[in-house]
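Peer 1: Next come a sequence and a model predicted from it.
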Amino acid sequence: MSGRAFLAVLRRDVYVTGRELPSFLAQTLVQPFFFLLVFVVVLGRGGFVAEGYGEIMLPGLIALNAMFGALQSVTLPLVFELSWTREIDDRLLAPMPVWAVAVEKIVFAGLRGLLASLLMVPIGLLMIDVHWPADGLLPAFAMVVLGSLLGAAMGLTIGTAVPPRRINILFAVIFTPLLFTGSVQYPWLTLQDLRWFQVLSALNPLTYVSEGLRAALVPDVPHLPLWVCVVVPVLAIVLFTLLGIRGFLRRALD
Amino acid sequence: MAKAAVEVVDLVKRYPKAKSNAVDGVSFEVETGEVFGLLGPNGAGKTTTVGVLTTRVVPTSGVARVAGLDVRADAVAVCARLAVVPQRQNLDRSLGVRDNLVFHAAYHGVGRAERNRRADTLLERMGLSDKAKAIADDLSGGQAQRVMIARALMHRPEVLFLDEPSTGLDPQARLFVHDQIRSLRDEGITVVLTTHDMDEAHKLSDRIGIVDHGTLLALDTPDKLVRALPGSATVEVVAEPGPGGVEPLRVALAGLDGVARVETPPGRAQPGTEAFRLSVTCEPSTLLAPVVDLLGRHGAGVRDVSLGESTLEDVFIDLTGRDLR
């Protein structure tokens, strides 16, 4: 009974994404496209940015899309659903445990993150020259999966922790720092002379996804060892999933 | 006797940081096929009670069962057997009206062909066939209410909870909802209704529980509740006072056998006349002659006499008081 309900709720989310495909594509692709355009094409033109920077940035943007694609698929809808619209009530009354509704959110957001990062690949390939090793593609895909689940689990935690009245701080205080301390735009090891920022970046789980993707796709660029880039996200996924489910139960039940 | 569709035993709910219990030891049973009204002022504890029964509120202590299943231990199975029509519109805004129904049935494991068939039947029954593709935000209050009732019926629940089903609806929509509730009863679905609309409760409910401050104050059929009120029938008299003035009349009327109390109903007296409402404990018509006779002896001229019954509202006010919440 619960399994069927779980799949039906997942099908609902996929169906809604299908209906809102243009806004989903805009939400996930416009920002990374402009990152590439300005940092690689525009700044690269006059030599403000070193040649080959695009190769460093593209794996970071794929990581960013995996994580933010997933995170945004949970956080904002959840804040609304749990407060003003109460749209989630009908799913909470489906014959499945309440925690399973939270897990469905993670699975679905993970799928959105995966799609968002895979869509980033052809755009990147069109805009910059890359030479990815074939044996790096599988590890890269694994990192994208981890990044998507990480974003989904963090999104669940944030979405249940932020009260609706505080939604405006979400972007300034949470999204922006996550975006700029996740080693998306720079390799982490090059920060040795900027120790405080390196420490800050190390606290952002996105760093390990970005570094892991670079380890797989551009192994010549200095990067953290791949095993670190797998272990830290896995631990973070477990932690944020548990926190997120706890928060969800607290918000869904009185 | 039919098995209880809903069973509540010594239910207590205290919200964190609250000074008192929102529900404070409530017990009642709803029989299968019954329409049961929970009546109470705002904040009386009726929505919390329904919240516990629909698995959304975790009780502090006590037992709550729906269709014989404990709402805490068997929450998943309970959800399969009940449906909720909330007071606030909570339709899925990302889906059209028909998809709201179809996906609801899918959550409950109804097969594809069957859920499509049921959706069409229910849209027809609720007069919503032309709104099948509309988005929830574009519906009027009455239409949204009908969609939520249709959605609730998609998985053929045994017990239906309706929270303030006609608050904010126009009279046509209200009557339609009332008709629907009656036909659900005819189909054997148990209905638990929360409301503070007295007429609605009286009209629809087989039995009514009156709740205030988290406790159940009275529980009976609407007619018996009204009859149990001391001075349940009334005699209203409008008279032109005689030379002695109003007060002696009032005292004399209150002294008649069978008169429980005398009140002044608002807005009934014309200039130069005085209105009295006598709450009586006997058959009101037997008081007509004594009242007219008494007024005559005081030199007062009778302008109007009418007999009346108490209403559920009188019972409600008698039990819960006149204080604003």
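Peer 2: Alright, I've got the coordinates.
Peer 1: Confirm for me that B:F36 is in contact with B:V211.
Peer 2: No. Counting by Cβ atoms under 8 Å, B:F36 stays clear of B:V211, with 12.0 Å between them. Just so you know, the C-beta spots here come from the backbone N, C-alpha and C atoms, and that holds for glycine as well.
Peer 1: what's the closest non-adjacent residue to the residue nearest to the spatial centre of chain A?
Peer 2: With distances taken as Cα atoms, centre = their mean, A:M67 lies nearest the centre of chain A, 0.6 Å away. Leaving aside its sequence neighbours, A:M67 sits nearest to A:G151 (Cβ to Cβ, 6 or more residues apart in numbering or on different chains; 3.6 Å).
Peer 1: Name all residues that make contact with residue 191.
Peer 2: Answering for chain A, as no chain was given. A:L191 is in contact with A:F197, A:Q198, A:S201, counting by Cβ atoms under 8 Å, 6 or more residues apart in numbering or on different chains.
Peer 1: Actually, chain B is the one I wanted.
Peer 2: When contacts are counted by Cβ under 8 Å, 6+ apart, B:V191 is found next to B:E34, B:V35, B:F36, B:V159, B:L160, B:L162, B:I181, B:L184, B:R185, B:L204.
Peer 1: same thing with B:G51?
Peer 2: Contacts of B:G51 by Cβ under 8 Å, 6+ apart are A:D254, B:V57.
Peer 1: Which secondary structure state is assigned to it?
Peer 2: Using DSSP: H, G, I helix; E, B strand; the rest coil, the structure places B:G51 in helix.
Peer 1: can you tell me how far it sits from A:V199?
Peer 2: 47 Å (Cβ to Cβ, to the nearest Å).
Peer 1: and the contacts of A:L191, which are buried?
Peer 2: A:Q198, A:S201 (16 or more other Cβ atoms under 10 Å in any protein chain shown).
Peer 1: Redo the contacts of A:L191 as TSV? Include distance to B:V259 and secondary structure.
Peer 2: What follows is the contacts of A:L191, written out as TSV (distance: Cβ to Cβ, whole Å; DSSP: H, G, I helix; E, B strand; the rest coil):
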residue	distance to B:V259	secondary structure
A:F197	88	helix
A:Q198	90	helix
A:S201	86	helix
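Peer 1: Pull out the buried residues from stretch B:64-76.
Peer 2: For stretch B:64-76, the neighbour count (16+ other Cβ under 10 Å) marks B:A64, B:R65, B:V66, B:A67, B:G68, B:L69, B:V71, B:D74, B:A75, B:V76 as buried.
Peer 1: That should have said stretch A:239-250, apologies.
Peer 2: Within stretch A:239-250, the residues that qualify as buried are A:F240, A:T241, A:L243, A:G244, A:I245, A:G247, A:F248, A:L249, counting by 16+ other Cβ under 10 Å.
Peer 1: Could you measure from the residue nearest to the centre of chain A over to A:F35?
Peer 2: For A:M67, the distance to A:F35 equals 14 Å [Cβ to Cβ].
Peer 1: And for A:V42?
Peer 2: Distance from A:V42 to A:F35, counting by Cβ to Cβ: 11 Å.
Peer 1: Show me which of the two is the more surrounded one.
Peer 2: A:F35 (18 against 13; other Cβ atoms under 10 Å in any protein chain shown).
Peer 1: Hmm, A:Y53 and the more buried one touching each other?
Peer 2: No. Taking Cβ under 8 Å as the definition, A:F35 is not a contact partner of A:Y53, at 11.4 Å.
Peer 1: before we move on, the earlier item: so among the contacts of B:V191, which ones count as buried?
Peer 2: Burial by neighbour count, 16+ other Cβ under 10 Å: within those this picks out B:E34, B:V35, B:F36, B:V159, B:L160, B:L162, B:I181, B:L184, B:R185, B:L204.
Peer 1: Let me see the ranges of the helices in the stretch 101-250 of chain B.
Peer 2: Using DSSP state H, counting those that start in this stretch, the helices found in the stretch 101-250 of chain B span residues B:112-125, B:141-153, B:171-186, B:198-204, B:222-228, B:246-254.
Peer 1: right, so of the ones you listed, which gets closest to B:V85?
Peer 2: Minimum separation from B:V85 across those (Cβ to Cβ) falls at helix B:141-153, 4.9 Å.
Peer 1: Counting by contacts, list what that closest one packs against.
Peer 2: Secondary-structure packing of helix B:141-153 (3 or more Cβ pairs under 8 Å, 6 or more residues apart in numbering or on different chains; DSSP states H and E): strand B:82-85, helix B:97-107, helix B:112-125, strand B:159-163, helix B:171-186.
Peer 1: out of everything not next to it in sequence, what's closest to the residue sitting furthest away from the middle of chain B?
Peer 2: For chain B, the residue at maximal distance from the C-alpha centroid (Cα atoms, centre = their mean) is B:P243, at 46.9 Å. Excluding the flanking residues, the one nearest B:P243 by Cβ to Cβ, 6+ apart is B:G299, at 5.6 Å.
Peer 1: which regions of the chain lie under the pLDDT threshold?
Peer 2: No chain in the question, so chain A it is. Counting by pLDDT under 70, chain A contains no low-confidence range.
Peer 1: Switch to chain B, please.
Peer 2: Applying pLDDT under 70 to chain B flags residues B:1-2, B:229-232, B:322-325.
Peer 1: Give me every residue in it lying close to chain A.
Peer 2: Neighbours of chain A within chain B, by Cβ under 8 Å from any Cβ of the partner chain: B:15, B:48, B:51, B:54-58, B:75-77, B:79-80, B:82-84, B:86, B:88, B:90-95, B:99-100, B:103-104, B:106-109, B:151.
Peer 1: Can I get the buried part of the residues you listed as one PyMOL selection?
Peer 2: Buried residues among the residues of chain B next to chain A (16+ other Cβ under 10 Å), as a PyMOL selection:
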select buried, chain B and resi 48+51+54+55+56+57+75+76+77+79+80+82+83+84+86+90+91+92+94+95+99+100+103+104+106+107+108+109+151
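Peer 1: Next, count neighbours for A:L125.
Peer 2: A:L125 has 12 neighbours, counted by other Cβ under 10 Å.
Peer 1: Could you give the bridge partners of B:T190?
Peer 2: Legend: beta-bridge partners of B:T190 under DSSP bridges are B:V159.
Peer 1: I figured it was touching B:A4, is that so?
Peer 2: No. In this structure, B:T190 is not within contact of B:A4 by Cβ under 8 Å, at 9.3 Å.
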